[in-house]
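**Q** Quick one, structure for this:
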Amino acid sequence: MEAPLALRKAQRIANTLDTAVKIPFIGVRVGLDFLIGLIPVVGDITMLLASLRIVSLGKQLGLPSTHQQRMLRHCLVDFGLGFVPVVGDVVDLFYKANQKNVRIMERWWIETHQSEVQENTQAALAAWQSEFDNTHTNTKTNN
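**A** Got it, this is the predicted structure:
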């Protein structure tokens, strides 16, 4: 079972915004949210709009409004941090609101589709086990 398109899009956006690049020597991953957020006001507003796209994808996915509200709070906290000079930029390195929002979407989707995910996992495991057994049996008969 493949995750729905809206969830996969949200994951790609969150990765681009929060973790696209690893800073050498420090080992911290940053994305466009941090880099563009360094531009006062305009950068923060631009990144808020990008973050709201993830919330919109959650709505498309059918995410309950309570989850959407939590996601909006993460976006607003991230946005607000951007207005605190220097400290806000440093905190933004670690807050990763977009990743948090995607995790909310992922957890909800898995909980909602748990039986289907388990069925697919069991089917994939059975197929792998069958392939392993066939390969192992063929190896023994060839020796």
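**Q** mean confidence score for stretch 12-28?
**A** For stretch 12-28, mean pLDDT rounds to 92.
**Q** Ignore what I typed, I meant stretch 59-70.
**A** Mean pLDDT, computed over stretch 59-70, is 97.
**Q** I'd like the domain boundaries of this structure, if you could list them.
**A** Using automatic domain parsing, the domains assigned to the chain come out as 5-112, 114-143.
**Q** in the shortest one, what's buried?
**A** Using 16 or more other CB atoms under 10 Å as the burial criterion, none of the residues of domain 114-143 qualify. C-beta here means a position set from N, CA and C on the backbone, and glycine is covered the same way.
**Q** Pull the distance from that domain to the chain's centre.
**A** 30 Å (CA atoms, centre = their mean, to the nearest Å).
**Q** Equivalent analysis for stretch 42-51, please.
**A** Distance of stretch 42-51 from the chain centroid (CA atoms, centre = their mean) equals 18 Å.
**Q** picking that back up, most tightly surrounded among the domains of the chain?
**A** Mean neighbour count, computed with mean count of other CB atoms under 10 Å, is highest for domain 5-112 among the domains of the chain, reaching a mean of 17.
**Q** Go through the domains of the chain and find the least confident stretch.
**A** Among the domains of the chain, domain 114-143 scores lowest, with a mean of 80.
**Q** in the chain, which spans are helices?
**A** Here the chain has its helices, by DSSP state H, at 5-18, 32-37, 42-61, 65-81, 87-95, 97-112, 114-142.
**Q** and the third one, what other elements does it pack with?
**A** Using 3 or more CB pairs under 8 Å, 6 or more residues apart in numbering; DSSP states H and E as the contact criterion, the secondary-structure elements in contact with helix 42-61 are helix 5-18, helix 32-37, helix 65-81, helix 97-112.
**Q** In CSV, could you pull the C-alpha coordinates for the shortest one?
**A** Backbone C-alpha positions of helix 32-37 (Å, rounded to 0.1, in the frame of the first residue of the first chain) are rendered in CSV as follows:
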residue,chain,number,x,y,z
LEU,A,32,14.7,26.6,2.7
ASP,A,33,12.7,27.6,5.8
PHE,A,34,15.9,28.5,7.7
LEU,A,35,17.7,30.0,4.7
ILE,A,36,14.9,32.1,3.3
GLY,A,37,13.7,32.9,6.8
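**Q** Cool, thanks, signing off.
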